[in-house]
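Asks: Build me a model from this:
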Amino acid sequence: MLSIRTSFIFAIALPMLIIIDGGLIETSDNRRYYDVHTWHTIMSLNGTWYGTLHVMTENELGIYFVDGSKNHSLIENPFTISERLPFDYGLVIGDKDDFNMLYSLTLNQ
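Replies: Just a heads-up that it's a prediction; the model follows:
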């Protein structure tokens, strides 16, 4: 499977929130999770935030999100981000899906 790696930083001021690409995560037994297309980390520099992730494209049925834990559990909305607790999430794309997709990441304080 061909994978394109992207890097970006997204910042919101007053208060500041930063989203950065986390790359592939390696587990303690050094296996990589190749079924995850991209990894992202969301950090708060000021306060607690509550977030949701939703797939917005109807024809893409194999897209879902996993967390950065060792078990890569499915993300349950809402999730919490704070100064001490960053949030890692991975975007998983199914074999029959393409890049004609849209998802939303919503954060509020």
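Asks: Now the residue lying closest to Leu102 once chain neighbours are set aside: phi and psi?
Replies: Spatially, and ignoring its direct neighbours in sequence, Leu102 is nearest to Met56 (4.4 Å; Cβ to Cβ, 6 or more residues apart in numbering). Where you see a C-beta, it was placed from the backbone N, CA and C, and this is true even at glycine. Dihedral pair for Met56: phi -110, psi 0, per degrees, to the nearest 10.
Asks: I'd like to know how far Met56 sits from Asp95.
Replies: To Asp95, Met56 is 21 Å away according to Cβ to Cβ, to the nearest Å.
Asks: Same check on Pro86?
Replies: Taken as Cβ to Cβ, the span from Pro86 to Asp95 is 30 Å.
Asks: And the two? Which one has more around it.
Replies: For Pro86 versus Asp95, the count of surrounding residues by other Cβ atoms under 10 Å is larger for Pro86: 15 against 7.
Asks: The residue nearest to that one when sequence neighbours are not counted: neighbouring residues, count only.
Replies: Leaving aside its chain neighbours, Pro86 sits nearest to Met43 (4.3 Å; criterion: Cβ to Cβ, 6+ apart). By other Cβ under 10 Å, the residues close to Met43 number 17.
Asks: Many thanks, have a good one.
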